[in-house]
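> here are the coordinates; sequence isn't available:
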């Protein structure tokens, strides 16, 4: 399986949160992971950045932010030009889907944890 450089948006150091579990599982499965969250910290050896930094060659952005909080990142995600954006349960956002599609970015409404667990990532 090919490693997919992934940005986890909404990263957290709280072990009970799905973003935490996603970072851990992505690392365990051998993917290159970047994490962006409200608070700095570290999960599975990955430092959580608190500011949107320029990045290149991103395959996937996986969202763990509600639609209202996503608005602050619309331009950033479009500029990063990932191949796809995964909208995990609770992050569904038709407004953002349209913007991504206009910029030739694939929209995937799925659960990162399920995709990883079933080798469909």
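Noted; the coordinates are in hand. Remember, it's a predicted structure, so these values are computed and weren't measured experimentally.
> tally of neighbours for residue 85?
When neighbours are defined as other CB atoms under 10 Å, residue 85 has 26 of them. C-beta: built from backbone N, CA, C; applies to glycine.
> now it. Nearest residue, chain neighbours left out?
residue 61 (4.7 Å; CB to CB, 6 or more residues apart in numbering).
> which residues touch that neighbour?
6, 7, 9, 77, 80, 82, 84, 85, 86 (CB atoms under 8 Å, 6 or more residues apart in numbering).
> now residue 6
26, 31, 32, 33, 34, 58, 59, 60, 61, 62 are the contacts of residue 6 under CB under 8 Å, 6+ apart.
> how many residues are close by residue 116?
18.
> do the same with residue 81
14.
> list the contacts of the longest helix along the chain.
Using DSSP state H, we find that the single longest helix of the chain is helix 18-28. Under the criterion CB under 8 Å, 6+ apart, residues 6, 8, 10-15, 33, 35, 37, 43-46, 62, 64, 88, 112-113, 116-117 lie in contact with helix 18-28.
> low pLDDT regions in this protein?
1 (pLDDT under 70).
> so who does the residue nearest in space to the middle of it touch?
Centroid-nearest residue in the chain, with CA atoms, centre = their mean: residue 62, separated by 2.2 Å. Residues near residue 62 by CB under 8 Å, 6+ apart: 6, 7, 8, 9, 22, 85, 86, 88, 112.
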